[in-house]
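**Q** Sequence first, predicted model second:
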Amino acid sequence: MATYDFISLATKPSAKICYKFYPSVKTTKPVLLVFVNPMGLTQTSWENVITRLHKNAPNGGVPAMLTYDRYGQGQTTDRDPSDANAVDKRHGHDCLDVVHDLHQLITQIADQDMGISDIGQLQLVFVANSIGGALTRLYAQEYPGSVAGLLLLDSVLANTDFVSIFPDPDACDFDKSTLPVVVEVEDIRASRAFAQRVFHPSNGSDEGLSRKNLSALLPYSDGPQLQGPDGRGPWVTVVGHEWEASEREQEAMGAPGLVTRMYSNPFWSAYNEGLAKITEPERSKGPFQALGAGHFIQRDNPELVEGEIRDILDKVL
């Protein structure tokens, strides 16, 4: 296993990013497997998956792999230099800024550790959780032809403020009779308050990554269609949380589990159905639920994640 290291991006030389590079084993194809963090977990959350990939590799072969912590996250204690003049440091930069930083990081790692100076010769496979799903979609849009595969693990709902998932009991046209018989008005109010407090894009983040404009950047779950290295769509696998696990997880955080079951889970399921359409039908897999896994699927079911990565790699390598 490689050790954690630090690198300064040529585009932002005053700050350093913590990363971990794993050289390829028994394969020379120019493929880099990149793990993209959620907001709630750091790059260490991928270690179990990576260990399994090395341990169970057919014929011992695995491509090069990269994990990293974004500016202001985990072991990357330096803040994004572009946040210095931000009025609100919790909204210092947006998802496109992160995508451009990731592209620069990959460019430098490819040159430094893989001997690939022409980034166009490198095929990328992204494994992404939560906000990472939005980031990798944006990457594939910004750099068409570069992404060969995408494993989207409970991708963030990019086109909603989360509060609007639930009806508004205080709206003038609200009709209580439209609620499921098992749901009380106060449960809906509690769920909206929870979503506002925890998930609404206006909240910002400790790392300074803002989602205020994310719904404008990715207004649809089912588009645009992405282009892979061969002129066709990338291989895309969409995995969602297990509904029962999510219900327990949300209850533990203070959200009414019944409302999660009746509103949040169906909404998320429909969103994932759309994600499965961002590539060609024959290159799409899912969506399906990860057994026993809440939002952080790589933590709760690393065996499943390993298997789905391997399935994509079998098509790319």
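**A** Perfect, I can see it now.

**Q** For the worst-scoring helix or strand of the chain on mean pLDDT, name the packing helices and strands.
**A** Confidence across the helices and strands of the chain bottoms out at helix 257-259, with a mean of 92, counting by mean pLDDT, DSSP states H and E. With contacts defined as 3 or more Cβ pairs under 8 Å, 6 or more residues apart in numbering; DSSP states H and E, helix 257-259 has these neighbours: helix 185-198, helix 243-253. Quick note: C-beta positions are derived from backbone N, CA and C, even for glycine.

**Q** Among those, which comes closest to residue 287?
**A** helix 243-253 (12.1 Å; Cβ to Cβ).

**Q** Would you convert the helices and strands packed on helix 257-259 into a markdown table that also reports mean neighbour count and distance to residue 303?
**A** Shown next, in a markdown table, are these (neighbours: other Cβ atoms under 10 Å; distance: least, Cβ to Cβ, whole Å):
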| stretch | mean neighbour count | distance to residue 303 |
| --- | --- | --- |
| helix 185-198 | 17 | 29 |
| helix 243-253 | 17 | 15 |
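
**Q** Out of these, flag the one nearest residue 136.
**A** helix 243-253 (21.6 Å).

**Q** What helices and strands are in contact with the closest one?
**A** helix 185-198, helix 257-259, helix 265-275.

**Q** least reliable of those going by mean pLDDT?
**A** Note on the helices and strands packed on helix 243-253: helix 257-259 shows the lowest mean pLDDT, a mean of 92.

**Q** Is residue 66 in a helix, a strand, or coil?
**A** Classification of residue 66 by DSSP: H, G, I helix; E, B strand; the rest coil places it in strand.

**Q** which residue ranges form the helices in this protein?
**A** Here the chain has its helices, by DSSP state H, at 47-55, 95-114, 131-142, 185-198, 214-217, 243-253, 257-259, 265-275, 297-300, 302-316.

**Q** Save the ones you listed as a markdown table, and put in distance to residue 224 too.
**A** Shown next, in a markdown table, are these (distance: least, Cβ to Cβ, whole Å):
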| stretch | distance to residue 224 |
| --- | --- |
| helix 47-55 | 29 |
| helix 95-114 | 15 |
| helix 131-142 | 7 |
| helix 185-198 | 27 |
| helix 214-217 | 11 |
| helix 243-253 | 28 |
| helix 257-259 | 32 |
| helix 265-275 | 12 |
| helix 297-300 | 25 |
| helix 302-316 | 21 |
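
**Q** And residue 199, its phi and psi?
**A** phi -110, psi -20 (degrees, to the nearest 10).

**Q** Just give me the neighbour total for it.
**A** 18 (other Cβ atoms under 10 Å).

**Q** Please list all residues in contact with it.
**A** 162, 163 (Cβ atoms under 8 Å, 6 or more residues apart in numbering).

**Q** Leaving out sequence neighbours, find the closest residue to the residue nearest to the spatial centre of the chain.
**A** Among the residues of the chain, the one closest to the centroid is residue 132, at 2.1 Å (Cα atoms, centre = their mean). Excluding its sequence neighbours, the residue lying closest to residue 132 (Cβ to Cβ, 6 or more residues apart in numbering) is residue 36, at 3.5 Å.

**Q** pLDDT score for that neighbour?
**A** As predicted, residue 36 sits at a pLDDT of 98.

**Q** I'd say the residue nearest to the centre of the chain and residue 38 touch.
**A** Yes: between residue 132 and residue 38 there is a contact at 5.9 Å, judged by Cβ atoms under 8 Å.

**Q** so where's this protein shaky on pLDDT?
**A** 1-2 (pLDDT under 70).

**Q** One more pass at 90, please.
**A** 1-3, 28, 57-61, 181, 230, 317 (pLDDT under 90).

**Q** Give me the longest strand you can find in it.
**A** strand 12-22 (DSSP state E).

**Q** Give me the residues contacting that strand.
**A** Contacts of strand 12-22 (Cβ under 8 Å, 6+ apart): 1-9, 43, 50, 54, 62, 64-71, 74-76, 78-82, 101, 104-105, 109, 113.

**Q** of all the helices and strands packed on helix 257-259, which lies closest to residue 141?
**A** Minimum separation from residue 141 across the helices and strands packed on helix 257-259 (Cβ to Cβ) falls at helix 185-198, 27.1 Å.

**Q** Apart from its neighbours in sequence, what residue is nearest residue 52?
**A** residue 306 (4.2 Å).

**Q** Test my guess that residue 295 contacts residue 247.
**A** No: if you go by Cβ under 8 Å, residue 295 and residue 247 don't touch, sitting 11.7 Å apart.
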